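Enquirer: coords please:
(chains A and B)
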2 protein chains.
Amino acid sequence: MPVVTSVRTRDVRFPTSIDLDGSDAVNVDPDYSAAYVTVTLDSGEAGHGLVFTAGRGNELVVHALQSYGALLVGQDVDLDDLGAASRRLVHDSQLRWLGPEKGVSHMACGGLVNALWDLKARRAGLPLWELLSTMEPAGLVDVVDFTHIRDALTPEDALALLTSARQGRDQRISELRRDGYAAYTTSPGWLGYSDEKLVRLCREAVDDGFGLIKLKVGGDPDDDRRRMRLAREAVGDDVRIAVDANQRWEVDEAIERVSALAEYRPWWIEEPTSTDDILGHARIRQGVAPVKVATGEAVANRIVFKQLLQAGAIDVMQIDSTRVAGVNENVANILLAARFGVPVCPHAGGVGLCELVQHFSFFDHAAVSGTTADRAIEYVDHLHEHFADPVVVRDGRYLAPTAPGNGARMHEESLDRWEFPDGPGWRELAASGALHAGTGRDTRALT
Amino acid sequence: MPVVTSVRTRDVRFPTSIDLDGSDAVNVDPDYSAAYVTVTLDSGEAGHGLVFTAGRGNELVVHALQSYGALLVGQDVDLDDLGAASRRLVHDSQLRWLGPEKGVSHMACGGLVNALWDLKARRAGLPLWELLSTMEPAGLVDVVDFTHIRDALTPEDALALLTSARQGRDQRISELRRDGYAAYTTSPGWLGYSDEKLVRLCREAVDDGFGLIKLKVGGDPDDDRRRMRLAREAVGDDVRIAVDANQRWEVDEAIERVSALAEYRPWWIEEPTSTDDILGHARIRQGVAPVKVATGEAVANRIVFKQLLQAGAIDVMQIDSTRVAGVNENVANILLAARFGVPVCPHAGGVGLCELVQHFSFFDHAAVSGTTADRAIEYVDHLHEHFADPVVVRDGRYLAPTAPGNGARMHEESLDRWEFPDGPGWRELAASGALHAGTGRDTRALT
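Expert: Numbering: from 1, shown residues only, chains lettered A, B, ... in the order given. This next block holds a predicted model:
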């Protein structure tokens, strides 16, 4: 059995707050960042993972990758039993107090688990989605941690779902390779953008073939209405417009604010309130129908997703590739969504999230839900140039990934240039005076 | 306005896993630990806080205290407006991605906020509970962050509750100074203890004046029944016995397992399943009545507590002093409990948790709920000797704290001796061969 010989981490940050790319009502000045990890085996094989963060605090996930990584270094790891590897990290008897299963510690588990899946997929010579889609149902069930979700999904339920989806699977894999998977774009709608830029980017999105775009809301109510009107005028009646409040509102406020946009027909309201507020989402969903309710990028774990589904609180599950404990927990989330008949429309953007999360939608269609109805993967055209196997979106669709692995691997040159705070990219910015307050502020250590 | 001149941290751990003190169905081998923090002002005044952890990973909270501490160093801090200080930390636009408001990052905010309250209380020359109990209602409302709880508790609701509780407050403060506050003890019931030790400690607890004891459950069902029977026989019919499963069970399993103990009349079942599972707790509560349902030590924030109350999922709210974002969020939690008429019985134990959390029950009785009915503060007789102002429990009651501050301050000698991993306490243990697998395993950095 292979032995883990090293777990290496990098703190990589991009100065995106300078141009307010990615700004919304809550994340007003993100510096898109990656806590990057490489797990190496005694065979010389290496797998890569990353955890996305918004800048400050990236160092904490790096530290957590090191702490959890210490549980792996020098240990055997069975790539045929990644359920066991995940449980060893997630349920460590002392570390679990730090969550349990949420926040910095849980995201770090996910980074490491994803790196192990990257290793497994590279060894198989397959992109992650094909590896997952061609695994035997029983093998997939074995990677899922059913702890605390058995009242909604048992191993037997999961096996039945996956077995049933074997029907037509090879055909769907062929179609995915040929046609890709629908994308939607958030690029036009950041709060920091001018009306003119918003309208121009909305038109470009339609020209580029997108059938769904997304606007950030949650600032001034009049601004939201004006921007929604401009967007609706720009895209016409046939393109769907989702809106995203990034948890900005209270429960009743969310109902009012979404109702005020109703005439422009928002497709879904995303993160109307705290992502922890299951009961609040259920009330909002009743209050804003037929507008759909979506959430997930900040949902800490499968147990919260389970309840959002049990409570009838969401119409759309937005899994994220680096919030939960990696591939294993996202397989659980996708199975839960299928069990409740709720479509999965993954969250992406940031840095690396598109590269990572696309695999789950391809897998979902091939081997779980068997449908792409009302489903699309978020797409933002940022920072893909730093990846060894960048996503390709054409005519509003993600092309099926073909490179072996999970998509997380970054160019060494990018890792070096944007290593925080001493990479040449950061030193040049500091020397040029381009860093405004906030951007690249160092909280790594007290002075 | 005072300026923060330094934020100093210590990684302090105690080798409690050697004797299995504190062992339960999930925390099988905790090394009780503190991520300790001291905030110093330019006036020379210092305040102390700590975050309890179970050992491995304590370094991650230390790192987080440093990262959040960097937001304070060199900044003015208004001790008359600790609501603002808390919001500056909790809602930092980039760091909040790491939670939001949960896990390592949130606990670190709490450590710093608590240190600022320690400063404020020391300056006022009052123990924290008296400082809180004698604040004007409007001033207390100002420290609460109502974000995402306004559907259950508005600032107006809070003001009305606190104003109404002014009636009789001074009388209750006098009574608390004279009579203290009821404690309950978990010392007899750790899973690692033999039957003989269990019975002996149960009898001692009754002799010591405790009216409520607690047993850990969640291992083998027959063991649980035997231990519960032995405890019931040892304490007689008039002493209440709570049981605590530390999140070990699935929802249906919890109902079965509690029902199997019914003949021995458990008072409450604590943490029957994942603390994130609001809907699960609601189902369990219906399934096990009249046994009460209690949770809270791992509840990430006020938003989850709000829902546990809204869903009618708990009979007892177990606030913890170092899980949430400090005094401010615990004031919110106590107000929520009062709003729903649910008693607060704080979680304690670990290291320092008794010292810190007692203040909230004294405050609750003096200035919020105005009652002690069915309320008690957990007590475990561990590690108090390391504190400058250790709790005093006599005849089953906490005596009212009288020393200025929040109780977190530890002896310098203890901090030095048990600093991990290089303090003399740890070096001596390593040299003696007393460390078994797990105890004191270092995950601070990869080698």
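Enquirer: For the residue lying closest to A:Phe210 once chain neighbours are set aside, grab the count of nearby residues.
Expert: Sequence neighbours aside, A:Gly396 is the residue nearest to A:Phe210 in space, at 4.3 Å (criterion: CB to CB, 6 or more residues apart in numbering or on different chains). Where you see a C-beta, it was placed from the backbone N, CA and C, and this is true even at glycine. By other CB atoms under 10 Å in any protein chain shown, the residues close to A:Gly396 number 20.
Enquirer: Check A:Ala348 too.
Expert: There are 28 residues near A:Ala348, going by other CB under 10 Å.
Enquirer: Enumerate every residue touching it.
Expert: A:Ser321, A:Cys354, A:Val357, A:Gln358, A:Ile377, A:Glu378, A:Tyr379, A:Val380 (CB atoms under 8 Å, 6 or more residues apart in numbering or on different chains).
Enquirer: among those residues, which are in helices?
Expert: A:Cys354, A:Val357, A:Gln358 (DSSP state H).
Enquirer: what's the closest of those to chain B?
Expert: The closest of the ones in helices among the contacts of A:Ala348 to chain B turns out to be A:Val357 (CB to the nearest CB; 16.3 Å).
Enquirer: which residue packs closest to the residue of chain A found nearest chain B, ignoring adjacent ones?
Expert: Here chain A gets closest to chain B at one residue, A:Gly103, 1.9 Å apart by CB to the nearest CB. In this structure, A:Gly103 finds its nearest non-sequential neighbour in B:Gly103, 1.9 Å apart by CB to CB, 6+ apart.
Enquirer: Just read off the phi/psi values of that neighbour.
Expert: Main-chain torsions, B:Gly103, degrees, to the nearest 10: phi 70, psi -160.
Enquirer: what sits against the residue most central in space within chain A?
Expert: With the centre of chain A defined as its mean C-alpha position, the nearest residue by CA atoms, centre = their mean is A:Asp320, 2.5 Å away. Listed by CB under 8 Å, 6+ apart, the contact partners of A:Asp320 are A:Gly296, A:Glu297, A:Ala298, A:Val299, A:Pro346, A:His347, A:Leu353, A:Val357.
Enquirer: Narrow those residues to those in helices?
Expert: A:Leu353, A:Val357.
Enquirer: Now narrow the contacts of A:Asp320 to whatever sits close to chain B.
Expert: Contacts with chain B within the contacts of A:Asp320, as defined by CB under 8 Å from any CB of the partner chain: A:Ala298.
Enquirer: So among the contacts of A:Asp320, which ones count as buried?
Expert: For those, a burial check counting by 16 or more other CB atoms under 10 Å in any protein chain shown picks out A:Gly296, A:Glu297, A:Ala298, A:Val299, A:Pro346, A:His347, A:Leu353, A:Val357.
Enquirer: With pLDDT as new columns, can these be given to me in CSV?
Expert: Shown next, in CSV, are the buried ones among the contacts of A:Asp320 (pLDDT from 0 to 100):
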residue, pLDDT
A:Gly296, 98
A:Glu297, 98
A:Ala298, 98
A:Val299, 98
A:Pro346, 98
A:His347, 98
A:Leu353, 98
A:Val357, 98
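Enquirer: Take those and write them to CSV, including distance to A:Val28.
Expert: Listed next are these as CSV, based on distance: CB to CB, whole Å:
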residue, distance to A:Val28
A:Gly296, 21
A:Glu297, 17
A:Ala298, 16
A:Val299, 22
A:Pro346, 24
A:His347, 19
A:Leu353, 19
A:Val357, 24
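Enquirer: got the buried residues for stretch A:267-275?
Expert: Buried, per 16+ other CB under 10 Å, within stretch A:267-275: A:Trp267, A:Trp268, A:Ile269, A:Glu270, A:Glu271, A:Pro272, A:Thr273, A:Ser274, A:Thr275.
Enquirer: ignore the last one, stretch A:164-173
Expert: A:Ala165, A:Arg169, A:Arg172, A:Ile173.
Enquirer: Out of the residues you listed, which sit inside helices?
Expert: A:Arg169, A:Arg172, A:Ile173.
Enquirer: Which residues of the stretch 101-250 of chain A lie near chain B?
Expert: So the stretch 101-250 of chain A meets chain B at A:101-107, A:147-148, A:150-151, A:247, A:250 (CB under 8 Å from any CB).
Enquirer: If you rank these by neighbours, which is first?
Expert: A:Val104 (32 neighbours).
Enquirer: isn't that one right up against B:Lys102?
Expert: No. Assessed by CB atoms under 8 Å, A:Val104 is found out of contact with B:Lys102, at 9.3 Å.
Enquirer: Can you show me the strands along the stretch 101-250 of chain A?
Expert: Remark: strands assigned in the stretch 101-250 of chain A by DSSP state E, counting those that start in this stretch are A:181-189, A:212-216, A:240-244.
Enquirer: How much space separates the spatially closest residue to A:Arg150 that is not a sequence neighbour from B:Pro272?
Expert: Closest residue to A:Arg150 apart from its sequence neighbours, by CB to CB, 6+ apart: B:Glu250 at 4.5 Å. Distance, B:Glu250 to B:Pro272, using CB to CB, to the nearest Å: 9 Å.
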